[in-house]
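K.L.:
Fold the following, please.
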Amino acid sequence: MSIINKFKIFIKSKYIFKKPPQRPVMIYDDIGYEIINDLFDLKDVYLLDTRKISINIYILINSLISNFFNWSNQKYIYEYIKTVNPNIVITTTDNDTNFWKLKKKFKKIKFYFIQNGSRDNHKDVFSKNLAKEKSFFSLDAMFVFNKNIGKLYSELIEGEVIPIGSYNNNRVFDEIDEGDYLLYISQFDSYSSNAYPEGHYYF
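P.N.:
Coordinates of the predicted model:
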C-alpha cells in the first residue's frame, strides 16, 4: 500500500483512545459480523476492525514501541490480539491470507474461518501463487461449503477441514414459517474466453 493510500486511511478513520477490553471471543473483520455474532453471547465478543474504519491509538502506540517503530499492519493486528487475549478468533473472511498466518504467532489461541462465499480461480485466493508461503499458514478448523473446496484449502493451510454447506444460507431455515417458499438463484456467471483465457471455475 502506498504512503498516500495509508495517509487517506488515517484521515478518514475514526480514532479510539481506550485500551480494548479482554474478551474470550474475537471476531476478525466486521464483514460477516452479523452472520456469526449469534454464535456467541455478545458480552463475550470483541469485534476487530481490520479495514481501518477505526484505529485504536492505544494499540497503535504499543505496536510501534514493541516493534521499535518497524511497524506494519500485521504487527498492529498482533498487538490487538495480544491485548484482547481471546481464546477463540473467528472470521468469515476465509480468503484473507493474513488471517491464515495468525495461528503460528498465537499457538494457544483457536483460529477458525467460516467460508462466506464461492471462490474461483480468477483474481481470488486460488489464483495466487501461495505455495511458497504454505509453511506460514495454519488454522484449527476451516468450515467450508463442501469437501472439494476443503481439499483445495487443505493444500494451502494446515488444519482440520469441516464441510458444513453455507452457514449463512443454513440460518435461513430457522426463520421460515410454514407455508413459506424458497427460490434459489444460481451465482454461476458465464465467462468469455477473452476475459478468462485460462477458464473460470467456481469452488
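
K.L.:
What is the neighbour count of residue 101?
P.N.:
When neighbours are defined as other CB atoms under 10 Å, residue 101 has 18 of them. (Each C-beta comes from the backbone N, C-alpha and C, glycine too.)

K.L.:
Mind pulling up the pLDDT for the residue nearest to it when sequence neighbours are not counted?
P.N.:
In space, residue 101 comes closest to residue 136 once its chain neighbours are excluded; the distance is 5.0 Å by CB to CB, 6 or more residues apart in numbering. Looking at residue 136, its pLDDT is 92.

K.L.:
Next up, the contacts around residue 136.
P.N.:
100, 101, 104 (CB atoms under 8 Å, 6 or more residues apart in numbering).

K.L.:
Number of residues surrounding the residue nearest to residue 128 when sequence neighbours are not counted?
P.N.:
For residue 128, ignoring the flanking residues on the chain, the nearest one in space by CB to CB, 6+ apart is residue 97 at 7.8 Å. Residue 97 has 14 neighbouring residues, counting by other CB under 10 Å.

K.L.:
go on, residue 57?
P.N.:
Residues near residue 57, counting by other CB under 10 Å: 12.

K.L.:
so how far is residue 65 from the nearest residue in space to it that is not next to it in sequence?
P.N.:
Using CB to CB, 6+ apart and skipping the chain neighbours, the partner closest in space to residue 57 is residue 17 (5.0 Å). Per CB to CB, to the nearest Å, residue 17 is found 16 Å from residue 65.

K.L.:
And those two? Which one has more around it.
P.N.:
Each of residue 17 and residue 65 has its neighbours counted (other CB under 10 Å); residue 65 has more, 11 against 8.

K.L.:
Report the backbone C-alpha coordinates of whatever helix or strand the more buried one lives in in PDB.
P.N.:
Assessed by DSSP states H and E, residue 65 sits inside helix 57-66. Backbone C-alpha positions of helix 57-66 (Å, rounded to 0.1, in the frame of the first residue of the first chain) are rendered in PDB as follows:
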ATOM      1  CA  ILE A  57      -4.500   4.700  19.400                       C
ATOM      2  CA  TYR A  58      -3.500   2.700  22.400                       C
ATOM      3  CA  ILE A  59      -2.900  -0.400  20.200                       C
ATOM      4  CA  LEU A  60      -1.100   1.700  17.600                       C
ATOM      5  CA  ILE A  61       1.300   3.300  20.100                       C
ATOM      6  CA  ASN A  62       2.100  -0.100  21.700                       C
ATOM      7  CA  SER A  63       2.600  -1.800  18.400                       C
ATOM      8  CA  LEU A  64       5.000   1.000  17.400                       C
ATOM      9  CA  ILE A  65       7.000   0.800  20.600                       C
ATOM     10  CA  SER A  66       7.100  -3.000  20.900                       C
END
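
K.L.:
That concludes my questions; thank you for your assistance.
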